[in-house]
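Enquirer: sequence first, predicted model second:
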Amino acid sequence: EVQLVESGGGLVQPGGSLRLSCIASGFSFSQSWMSWVRQSPDKGLECVANLNPDGIAKYYVDSVKGRFTISRDNAKNSVFLQMNSLRSEDTAVYYCVRDPLYHEFDIWGLGAMVTVSS
Amino acid sequence: DVVMTQSPLSLPVTLGQPASISCRSSQDLVHSDGNTYLSWFQQRPGQSPRRLIYTVSNRDSGVPDRFSGSGSGSDFTLKISRVEAEDVGVYYCMQGGAEPPTFGPGTKVDIK
């Protein structure tokens, strides 16, 4: 079965850190671009980061540059999002998404809720 | 960034009747490779988004044929030929050919 399962969400204070993890199964993970897409009531759906199969080419939305880091471990079929210096506006559901050619986002995880609040 | 707009934002529909959602982009979405990377997603209540349509008009596996996508340039449409109860949710268009990828605000479909 093709699936993506996120973990690591939770409640964190402003300025804190969280690390999201996503485990993939049912497809060739090591050959797939992967993205993190977040969804909030204020901003809707937003692609915050993506990463090519070899873990070198990366994209970050301007609002998270310097604070978030996307990485992967192909041996463990996993992709990660390290989130530092979290702000209230980072509060959202974070989805792990397979990102085939030109962001066609064909497989989505169940999502991980991140709440940044004091 | 390419701005995606949708109309209407709310669409009450009668079961068995057709529905149509418009999506417009702030620039032409034709990519240099000749394709147009416009996708449609459905998000049912409490669920993750699910892709229905890619490259304007290609239906994903398992998507009922009552869903169809059309359009070109900067003007696109998602049509549901006969709305069923399971179609309730929010529908998003998204462009992926220009960086960064951007989503529309969503159209909420519910039953009258």
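Expert: Thanks, I have the structure now. Numbers count the residues shown, from 1 in each chain, chains lettered A, B, ... in the order given.
Enquirer: could you check the pLDDT of the residue nearest to the spatial centre of chain B?
Expert: Within chain B, one residue has its C-alpha closest to the average C-alpha position: by C-alpha atoms, centre = their mean, that is B:Trp40, at 3.3 Å. Looking at B:Trp40, its pLDDT reads 98.
Enquirer: can you check A:His103 too?
Expert: As predicted, A:His103 sits at a pLDDT of 83.
Enquirer: excluding chain neighbours, what is closest to it?
Expert: Of all residues not flanking A:His103 in the chain, B:Gly96 sits nearest, at 3.1 Å (C-beta to C-beta, 6 or more residues apart in numbering or on different chains). Heads up, the C-betas are built off the backbone N, CA and C, glycines and all.
Enquirer: Provide the secondary structure category for the closest residue to A:Trp108 other than its chain neighbours.
Expert: By the measure of C-beta to C-beta, 6+ apart, the closest residue to A:Trp108 outside its immediate chain neighbours is B:Ser48, 4.4 Å from it. In three-state terms, and counting by DSSP: H, G, I helix; E, B strand; the rest coil, B:Ser48 is coil.
Enquirer: please tell me I have it right and B:Ser48 contacts A:Tyr95.
Expert: Yes: look at B:Ser48 against A:Tyr95 with C-beta atoms under 8 Å: they come within range, at 6.1 Å.
Enquirer: looking at these two, which one has more neighbours?
Expert: Looking at B:Ser48 and A:Tyr95 with other C-beta atoms under 10 Å in any protein chain shown, you find the greater number of neighbours at A:Tyr95, namely 25 against 20.
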